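Asks: Predicted model and sequence follow; I will ask about them next.
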Amino acid sequence: MTKEFEFTITRTRFDEDYQPSDHTRVTTNFANLARGKQRKANLRNALQMIDNRFNALATWDNAAADRYTVELDIISVDVDVEGNGMSFPTIEILQTNIVDTKTGKRSQGIVGNNFSSYIRDYDFSVVLSNHNEGQSHFSVPDDFGELHGKLFQHFVHSKAYKAQFTKSPVICISVSDNKVYHRTENEHPVLGVEYTPNETSLTESYFKKMGLNVRYFMPPNSVAPFAFYFFGDLLNDYTNLELISTISTMETFQKIYRPEIYNANAVAGKHYQPNLNHKDHSITRIVYDRDERSQLAVEQGKFVEEKFIKPYQSALTQWSRQCAW
């Protein structure tokens, strides 16, 4: 069964001329920015923010803070379950590419960064909702996230992935507003100060089924820690410039999407609990529709159920049982 799952990877440059494809989840950070009357200004300003942040972190041999620029490719992954050429959009991630304007060298950064998944929408917006309907206490199904996790690991170990990427992905997302994070004495020159959470979360468990571990770091001159999900050794498997490419990209998105946390006017302390109702923060000039994002997640989850889960239920169940991940 496993050999019948074939992945197809397509690339789309994320620049000021970017137009989301029909298969892109409209709730995805980069797709949301590319809509409306201000789409071009949104994209141009976001990309400039990424470059500015990159140069602020890559200070060596960079006195004017203008040596580097970051190019972004959207990596869209479709899966063919039955090997008949009929594919379904499953994952979209970002790949950073680092351009050294001083030497002209262009190098691959980190793949992953932002993580967009239709099946995750189905799990969180449909499966959890159905499971808890009429229940007095929230609970999670025993097999929650297993199919998604196995598909993701199957992709990362696939020939399609290895043909295009030399290192494992790193996903960088926001911290949770229902946990308390404690600052440690551990500090990395690029990732910054490490934090540890007071408890685990459903998100951590979900990513664990994808084979990913998590550590929390607040980079220099950031105001809150980020969650970094990774395989292997986050601190030693990647170069400083590669890590900076992820930090600069995802901090920019989070400042736009979650300014209450990542564009706050005060820095996280030794004991930090994020607050999405925090008033003391600054707003970027980039337009982002958060309300629509929340509403569409449910619609996207139902789309997955109708177009992917139900039509391929038997094949997916059998494959999941046999899959070694």
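Replies: Received the coordinates, thanks. Numbers count the residues shown, from 1 in each chain.

Asks: how close does residue 232 get to residue 240?
Replies: Using Cβ to Cβ, to the nearest Å, residue 232 is found at 17 Å from residue 240. Bear in mind the C-beta positions are built from the backbone N, C-alpha and C, glycine included.

Asks: Can you give me the neighbour number for residue 157?
Replies: When neighbours are counted by other Cβ atoms under 10 Å, residue 157 registers 13.

Asks: Would you check how far apart it and residue 10 are?
Replies: 20 Å.

Asks: can you check residue 142 too?
Replies: Per Cβ to Cβ, residue 142 is found 35 Å from residue 10.

Asks: same deal with residue 170?
Replies: Residue 170 is 21 Å from residue 10, by Cβ to Cβ.

Asks: Equivalent analysis for residue 109, please.
Replies: 19 Å.

Asks: Would you mind telling me which of the two has more residues around it?
Replies: Between residue 109 and residue 10, counted using other Cβ under 10 Å, the more crowded position is residue 109 (28 against 14).

Asks: That one: what secondary structure?
Replies: The local conformation at residue 109, judged by DSSP: H, G, I helix; E, B strand; the rest coil, is strand.

Asks: How about residue 36?
Replies: Following three-state DSSP, residue 36 is assigned to coil.

Asks: So for it, what's the pLDDT?
Replies: On pLDDT, residue 36 comes in at 70.

Asks: Distance check, it against residue 286.
Replies: Taking Cβ to Cβ, one finds residue 36 at 11 Å from residue 286.

Asks: same check, this time on residue 110
Replies: Distance from residue 110 to residue 286, counting by Cβ to Cβ: 23 Å.

Asks: More neighbours: which of these two?
Replies: residue 110 (31 against 20).

Asks: So the more buried one is in contact with residue 248, correct?
Replies: No. Between residue 110 and residue 248 there is no contact under Cβ atoms under 8 Å: 10.9 Å.

Asks: Any stretches of this structure with poor pLDDT?
Replies: Counting by pLDDT under 70, the chain contains low-confidence residues at 1-4, 21-31, 35, 287-295.

Asks: which residues of it fall in strands?
Replies: 6-14, 68-80, 88-100, 106-117, 170-174, 181-188, 192-197, 213-218, 226-230, 271-272 (DSSP state E).

Asks: Given the first one, what are its sheet partners and their directions?
Replies: The reference is to strand 6-14. As defined by DSSP bridges, the strand partners of strand 6-14 come to strand 68-80 (antiparallel).

Asks: likewise the fifth one?
Replies: In the sheet containing strand 170-174, its partner strands are strand 106-117 (parallel), strand 226-230 (antiparallel), by DSSP bridges.

Asks: centre of the chain versus the longest one, how much separation?
Replies: Yep, that's strand 106-117 we're talking about. 9 Å (Cα atoms, centre = their mean, to the nearest Å).

Asks: Identify all contacting residues around it.
Replies: Residues outside strand 106-117 that contact it (Cβ atoms under 8 Å, 6 or more residues apart in numbering): 24-25, 27-30, 70-71, 75, 90-100, 148, 152, 165-167, 169-173, 229, 238, 241-243, 245-246, 249-250, 253.

Asks: which residues in the stretch 151-300 of the chain form helices?
Replies: 159-164, 202-208, 240-257, 259-262, 290-304 (DSSP state H, counting those that start in this stretch).

Asks: circling back: now for residue 36 and residue 286: what residues contact both?
Replies: By Cβ under 8 Å, 6+ apart, residue 36 and residue 286 have these common neighbours: residue 42.

Asks: for residue 169, what are its contacts?
Replies: If a contact means Cβ under 8 Å, 6+ apart, then residue 169 has 93, 110-112, 156, 230-231 as its contacts.

Asks: make that residue 222, sorry
Replies: Going by Cβ under 8 Å, 6+ apart, residue 222 touches 192, 247, 251, 262.

Asks: Quick one: those as a markdown table, columns for distance to residue 180 and neighbour count too.
Replies: As requested, these are exported to a markdown table (distance: Cβ to Cβ, whole Å; neighbours: other Cβ atoms under 10 Å):
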| residue | distance to residue 180 | neighbour count |
| --- | --- | --- |
| 192 | 19 | 19 |
| 247 | 23 | 26 |
| 251 | 22 | 24 |
| 262 | 18 | 23 |
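
Asks: Sort out which one of those lies nearest residue 223 for me.
Replies: residue 262 (6.5 Å; Cβ to Cβ).

Asks: And that closest one, how close does it get to residue 312?
Replies: From residue 262 to residue 312 the distance is 38 Å (Cβ to Cβ).

Asks: next one: residue 71
Replies: For residue 71, the distance to residue 312 (Cβ to Cβ) stands at 35 Å.

Asks: same check, this time on residue 157
Replies: Distance, residue 157 to residue 312, using Cβ to Cβ: 21 Å.

Asks: Could I get the buried residue list for stretch 41-50?
Replies: 42-43, 45-47, 49-50 (16 or more other Cβ atoms under 10 Å).
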